[in-house]
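[1] fold the following, please.
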Amino acid sequence: MTDKRPVNLDIGTIDLPLPALASITHRITGVILVAGTAILLWLLDESLASEKGFNTVKTLASGFLVKLMVWGVLSALIYHSVAGIKHLIMDLGIGETLEGGQTGAKLVFAVSAMLIVLTGALIW
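    Numbering: from 1, shown residues only. The predicted structure is shown next:
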């Protein structure tokens, strides 16, 4: 057999199109949401357990690291939601062409970036 395909692909050298990057980022934000939800639920449980727990979480919530974590989870939620809406629109048959995919990916990145920056401004 004269198969000239590479045996080991180096993912770092593959030039992915913008819609592929948007799709991969959508999956990554889904994983971040699962982990972030677990942490946020633990903080909620701790705050509802006792007055001492509430005060501890209140003190933690004013710190930089917790604000950064909450912003990260909210950023993942924003991106995941915007990309999910794009997928729903594509399910309706809108933007299924190559050009539509490029435009949709650009819109997802632009709208998400604006909302993420706005959320960061509200948190800090």
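[2] drop to CA atoms for contacts and neighbour counts, all remaining ones
    Noted.
[3] quick one: buried residues of the lengthiest helix in the chain?
    In the chain, with assignment by DSSP state H, the single longest helix is helix 18-49. Judged by neighbour count using 16 or more other CA atoms under 10 Å, the buried positions of helix 18-49 are 18-19, 22-23, 25-26, 29-30, 32-33, 36, 43, 46-47.
[4] swap in stretch 3-22?
    So for stretch 3-22, counting by 16+ other CA under 10 Å, buried means L18, P19, A22.
[5] name the nearest of those relative to G95.
    Proximity of the buried residues of stretch 3-22 to G95 (CA to CA) peaks at P19, which lies at 11.5 Å.
[6] thought G100 was touching the closest one, still the case?
    No - using CA atoms under 8 Å, P19 is not in contact with G100, being 9.6 Å away.
[7] for the protein, which spans come out with low pLDDT?
    1-2, 6-8 (pLDDT under 70).
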